[in-house]
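Peer 1: Return atomic coordinates for the entry below.
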Amino acid sequence: METVEEGLNLPTIAPNRIESLEFVEEDAEDRISALPDGLIHEILSCLPSTKCAIKTALTQCRQSKLKKFVLYTAYDIRFESQFSNWIGYAMNCNVEELNLTLWNTDLKAEFLLDHSFFDRSSFTDLTLEGCIFDPIGAISWKNLRTLCITFGKLDEDLIKNILHGSPQLETFELNYCYGYRRLDIASKSVKKLVLSGYMVPYDKFEADIIELNAPNISSLTIQDELLLLKLLLLNVSSLVEANIDYRNSETTPEEAKEEMLKGFILNLRHVKELKIGGFCSEVVSRLEAKGFIFPSNVKFASS
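Peer 2: All right, here's what the predicted structure looks like:
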């Protein structure tokens, strides 16, 4: 096999495991064809089939900055060190947009992020699925603007640490995260909040009551499955738009479902436009049948 260009120093690829890799050098076009033949051969020989692909350019970090890095694969503890090597490589290249999707069938986080991960000024966009957060000290993501966390266990102190360490954060998205009882989004920079589902792994009971205090956000989305008794909106006074499209568990009492949706509607009367999606249609019909009058700002999915 030919020797790859000096300075590349890529970690070993885990055979039959990596489903998608994407490296994009800043301001670079797709240059996969420009890679040395030996490197292309090595990459292709490690991929289990043609279904697995490198989406765009896999390039060496020549200019000390990597625009985007995507790793999408099933998590396997046997390859944990190799995942860490890939991530370390991206961070050493001052990656800006980082997407780590390490999924598993248990819908829980298993990959422990290194402590150095939480002190990176180069990050502008983070998408993290299946990752364990355990920072030592204060988080410092001073240029981060978008953060999406999926299947993460987050308590109130950790969320506060994230927000305090991300002074430019504009969009905060939590997908099936759990471990908190109160979401206190006091940051003045965060304008868009997305809550996609709430479910504690291995717990099918709706035992939680979540409080949301976010006085500065202008956009709120609540969607997907909420295994909750209640989601209380304490202060969302700056909201301009809201999108509600969630479903409760089948075991949730009908009255509880109605009270939750009614609570959202009444607490969002000040919003310019409140969109209610199809997942809420059955509850909407029952409220209408009981004579509930929907405010004029409500727009339904079919309208």
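Peer 1: which ones are touching residue 199?
Peer 2: By C-beta atoms under 8 Å, 6 or more residues apart in numbering, residue 199 lies in contact with 107, 176, 178, 225, 227. Heads up, the C-betas are built off the backbone N, CA and C, glycines and all.
Peer 1: how close does the closest residue to residue 213 other than its chain neighbours get to residue 216?
Peer 2: Leaving aside its sequence neighbours, residue 213 sits nearest to residue 234 (C-beta to C-beta, 6 or more residues apart in numbering; 4.4 Å). Separation of residue 234 from residue 216 (C-beta to C-beta, to the nearest Å) stands at 13 Å.
Peer 1: Repeat that for residue 83.
Peer 2: 36 Å.
Peer 1: Sheet-wise, list the partners of the strand or helix carrying residue 148 with their directions.
Peer 2: Taking DSSP states H and E as the criterion, residue 148 maps to strand 146-150. Using DSSP bridges, strand 146-150 pairs in its sheet with strand 125-129 (parallel), strand 171-175 (parallel).
Peer 1: next SSE after the lowest-mean-pLDDT helix or strand in the chain?
Peer 2: Least confident helix or strand, the chain: strand 53-54 with a mean of 33, by mean pLDDT, DSSP states H and E. Next helix or strand after strand 53-54 toward the C-terminus (DSSP H and E): strand 66-74.
Peer 1: Run through the neighbouring helices and strands of that next one.
Peer 2: strand 18-25, helix 80-92, strand 97-103 (3 or more C-beta pairs under 8 Å, 6 or more residues apart in numbering; DSSP states H and E).
Peer 1: The stretch 201-303 of the chain: strands as residue ranges?
Peer 2: 209-213, 219-226, 230-235, 241-248, 273-276, 298-300 (DSSP state E, counting those that start in this stretch).
Peer 1: Output those in JSON lines; the columns should cover mean neighbour count and mean pLDDT.
Peer 2: Supplementary listing: the strands of the stretch 201-303 of the chain in JSON lines, determined by neighbours: other C-beta atoms under 10 Å; pLDDT from 0 to 100:
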{"stretch": "strand 209-213", "mean neighbour count": "16", "mean pLDDT": "94"}
{"stretch": "strand 219-226", "mean neighbour count": "20", "mean pLDDT": "96"}
{"stretch": "strand 230-235", "mean neighbour count": "16", "mean pLDDT": "94"}
{"stretch": "strand 241-248", "mean neighbour count": "20", "mean pLDDT": "96"}
{"stretch": "strand 273-276", "mean neighbour count": "19", "mean pLDDT": "97"}
{"stretch": "strand 298-300", "mean neighbour count": "15", "mean pLDDT": "96"}
